[in-house]
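Trainee: can you look at this prediction? I've put the sequence above it.
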Amino acid sequence: MMRILVVEDEARLARLISRVLHEEGYAAETASDGRSAMKLSLAEPFDLLVVDWMLPDLDGIEVVKRLRAAEVDVPVLMLTARTQIEDRVEGLDAGANDYLPKPFAFPELLARIRVLSRWQTEKRKTDETLAAGDVTLDPSRHAVWRDGERVELSAREFALLAALIRRPGQVFSRSVLLDTVWGSSRELYDNVVDLYISYLRKKLDRKGETSRIRTVRGVGYTFDPR
Ligand code: CA
């Protein structure tokens, strides 16, 4: 069951939100100030936080900033009575994922929560460590190891290798790799893919062995996990 922490100092609104969440099948807990919100969310992982901006002691922005500084990447939906655009930007800059102006309708609150939880599920998937043969990639840390040895890759090289390793054995055409790694920018020529493949091979392969990134003539490239 998805666990949501509602941080709201208006007791009636906090109760109302958590009741609606319970009815929707979520487990909801409440905190009435910034400090207890911090304590709770650092002590036990929540799947999502609904945080009011104006709170006693630490305000909502400060809570989000401190959580992000502590590398807690739980999705945060900010509630705010402030509607000025700068305030929204400040909230998002602090690390909130979305905001909802007060007063709001509950169906909208629930819809935003669904979007954020889907996003979180997708994010977890792409953050999972990838391994093929003796090559391991950790997307969340942007790190690559070969045989337990760290390999330093540029951001593009990393994205290219990640694309190949997500589906070992699948043959990727140059244009698919261009779309995936460079976006669909058409000013680029296919040989940029060839160039980066050659960089990757230099960094990943050992002298005298056949590359694990195989060229499939006339088609493209594939990662061979062996
Ligand atoms: Ca408040």
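Mentor: Done, it's in.
Trainee: how far away is the residue nearest the centre of the chain from N191?
Mentor: By CA atoms, centre = their mean, the chain has its centre lying nearest to K123, at 4.0 Å. Distance from K123 to N191, counting by CB to CB, to the nearest Å: 33 Å. The way it works is simple: take the backbone N, C-alpha and C, and place the C-beta from them, glycine included.
Trainee: equivalent analysis for V219, please.
Mentor: Where N191 is concerned, V219 sits at a distance of 15 Å (CB to CB).
Trainee: can you check V176 too?
Mentor: With CB to CB as the criterion, V176 and N191 are 15 Å apart.
Trainee: give me the contact list for the helix or strand of the chain with the lowest mean pLDDT.
Mentor: Among the helices and strands of the chain, helix 85-94 carries the lowest confidence by mean pLDDT, DSSP states H and E, at a mean of 77. Here helix 85-94 makes contact (CB atoms under 8 Å, 6 or more residues apart in numbering) with 53, 60-61, 64-65, 68, 78, 80, 82, 99.
Trainee: repeat for stretch 209-219
Mentor: Contacts for stretch 209-219 (CB under 8 Å, 6+ apart): 133, 135, 164, 171, 173, 197, 200-201, 204-205, 221-226.
Trainee: can you rerun that using 10 Å?
Mentor: Residues from elsewhere that reach stretch 209-219 (CB atoms under 10 Å, 6 or more residues apart in numbering): 132-135, 146, 160-161, 164-165, 168-169, 171-174, 194, 197-198, 200-202, 204-205, 220-226.
Trainee: and for stretch 151-158?
Mentor: 135-137, 139, 142-145, 159-162, 181-182, 192, 195-197, 199-200, 202-204.
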